[in-house]
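return a 3D structure for these sequence lines:
(2 chains)
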Amino acid sequence: MNASLAHENSGASSDAPVYELTDVSKTYARNAVVALENVNLTLRNGSFTSVIGSSGCGKSTLLKIMAGLIPPTKGRVILQEKPVIGPRRDIGMRLQQATLFPWKTAVENIVLPIEIRDGKAAAKQARAKAHDLLDIVGLKGFENVYPNELSGGMAQRASSCRMLITEPAVLLLDEPFSALDELSRDMMNMELQRICREQDATAFLVTHSIQEAVILSDEIVVMKPRPGRIAEIVHVDLPRPRTLDMMTTPRFGEIVDHIRGMLDKGENM
Amino acid sequence: MTDAPTNQRLETGAADDTVWVQEVAFIDSVPRSIAMTFVFVVFIGTWDLVTRLGLVSPIILPTPWETFSDMVFVGSNLLSGGYMLAALWITIKEVIYGFALAIAIGFSLGVLVGETAFGEKAVMPYLVAIDTMPKVAFAPLFVAWLGFGIESKVALAAFIATFPIVVGTAAGLHSADENARMLFKTMGASRMQTLIKMKLPTGLPQIFTGLKIGAVGVMAGAITGEFLGGGKGFGELIRVAASQLNTPRVFSLILYLSLVGLVLYLIVQWTQRRIVFWQKESVGAHDH
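Below you'll find the model as predicted:
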């Protein structure tokens, strides 16, 4: 094993912590399944962290706990110095499906979080910003189009705009582009990187793809199942900004191989 | 005329066993209007034949021509504002009031049952129990409670139409998927916001399905009410004509009545297309 790859999360970045998870555990009472066991994790401001692991390793549970959708059985989650005890406005969440609502146009879908938070008038004012966001993701001219006229990739982009409209401090991404083909996914990932840099957002990505995790992340949390726990936190030292051609570099390959080895070991337990 | 597929070979000049054989059913090449006309002609023809051959007593089954001429008579009475129009108007009022009442009650109960745990746990079983009862059997009760006027018919019509609307509304509210629910949760939406901005619009297709079934039921309720509770509506005209063995009249009255039902159904459908504009048409989806 390449020892230099593996090290505990020991403050790779000097930025202040945004998220702090301390001894977070989750047991589902109904069948006494330990979904998460003593997860300790710190996300630093502006960093990009991915979590990867086979199914059942608790990564979705972890994301839901971080988003304040479900409470942990034990431990605590601090976001921007305040404990997470429910859904928060400084969190932007992007689910696997685009989940645009067919009775609303692209722009109306994007300003929905504002409409819910501050009412219709505020949502109307946010339209200009929604237009700008659509412009950024290459959907200029699709402002007043209904979702069933958008392609899968376009819907995914519009959905990302909806996440960004509230300017959240952290982005929680649950396999956001897994419904897309590989080419579109690579493009969306590069776009995601650019947006994160522009907005100086802290991102936390759940993914199945090792390549995706490596090309995007500063840190990769490798998880193992039964019980779900962190096996290792891998630091990715590829330079920023990342480009798609880095995927052919030896260093990229080394990191991918290392993570694959970790995951294979998990399988054999 | 059959529905059997006719094998049409694509001429490609390739060896026989490599040629695709496309099966094109004959019916696929026939426009709907022609297919419908065909069925209509066969139906009227069979009817005509049966009466001509004297297979059925003329008292029981009038000829198509007798029925048609009676339809002209009833039509002219309706158009000239005769007593039949007054009767029809009474029935239409029963249908409108009954439907409005059914929508108000059905929607409220549907939200109670579909949105609240109390409704689902404590109210739904009773609704299911009542729904399995033959609701027409309640007609004498409504007459006893509300008299022979329009009220007892409105009550029966509403009673029959309410349940499909309850079921449609409750099912509609449950139809939102996990992603949409989670999304609204992450946006910090209140329960009311989630209901109004997400669950209700998501459930509109099912709600309208309930409304359409209700629209059919409300007609049945109004006419049944008139059969059993008297009054001056169209159902009473049918009952009197039948008791006089005036079968052509019965037939033509039923046809005009079905027009009222059709109009009501089409109004609901038109409203659905306007409101649920994003829904793909599912009725008649066989058209390729």
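
residues touching residue B:71, list them.
Residues near residue B:71 by C-beta atoms under 8 Å, 6 or more residues apart in numbering or on different chains: B:251-252, B:255-256. Glycine gets a C-beta too; all of them are placed from N, C-alpha and C.

which one of these sits in the busiest neighbourhood?
residue B:252 (24 neighbours; other C-beta atoms under 10 Å in any protein chain shown).

touching chain A at all, the helix or strand that that one is a member of?
Residue B:252 belongs to helix B:247-275 when assigned by DSSP states H and E. No: Helix B:247-275 stays clear of chain A (C-beta under 8 Å from any C-beta of the partner chain), getting no nearer than 8.8 Å.

mean confidence for that helix?
Mean per-residue pLDDT for helix B:247-275: 93.

buried residues, that helix. List them.
Under the neighbour-count criterion of 16 or more other C-beta atoms under 10 Å in any protein chain shown, helix B:247-275 has B:247-253, B:256-257, B:260-261, B:264-265, B:268, B:272 buried.

please enumerate the helices of the stretch 51-200 of chain A.
Per DSSP state H, counting those that start in this stretch, the stretch 51-200 of chain A carries helices over the ranges A:59-67, A:106-110, A:112-118, A:120-125, A:127-136, A:152-164, A:182-199.

quick one: contacts of the first one?
Counting contacts by C-beta under 8 Å, 6+ apart, the residues outside helix A:59-67 that touch it are A:19, A:21, A:24, A:26, A:35-36, A:39, A:51-53, A:70-72, A:77, A:79, A:84, A:87-88, A:91, A:93, A:172, A:174, A:204, A:206, A:223, A:228, B:186.

sorry, back to before: adding mean neighbour count and mean pLDDT, write the helices of the stretch 51-200 of chain A out as TSV.
Formatted as TSV, the helices of the stretch 51-200 of chain A follow (neighbours: other C-beta atoms under 10 Å in any protein chain shown; pLDDT from 0 to 100):
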stretch	mean neighbour count	mean pLDDT
helix A:59-67	23	90
helix A:106-110	25	95
helix A:112-118	21	93
helix A:120-125	13	92
helix A:127-136	17	89
helix A:152-164	23	89
helix A:182-199	16	83
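
so which bits of chain B are right by chain A?
For chain B, the residues in contact with chain A (C-beta under 8 Å from any C-beta) are B:177, B:179-180, B:182-189, B:193, B:197-198, B:201-202, B:276-278.

wait, doesn't residue A:238 sit right on residue A:248?
No: with contact defined as C-beta atoms under 8 Å, residue A:238 and residue A:248 do not form a contacting pair (12.0 Å).

those two: who's more crowded?
Comparing residue A:238 with residue A:248 by other C-beta under 10 Å, the one with more neighbours is residue A:238, at 17 against 8.

next one: the more buried one from residue A:210, what distance?
Noted for residue A:238: a distance of 14 Å to residue A:210, by C-beta to C-beta, to the nearest Å.

kindly report the same for residue B:19.
Relative to residue A:210, and taking C-beta to C-beta, residue B:19 is found at 47 Å.

same deal with residue B:64?
For residue B:64, the distance to residue A:210 - C-beta to C-beta - is 75 Å.

what about the strands in chain B?
B:5-9, B:21-25 (DSSP state E).

looking at those strands, which has the lowest confidence?
strand B:5-9 (a mean of 50).
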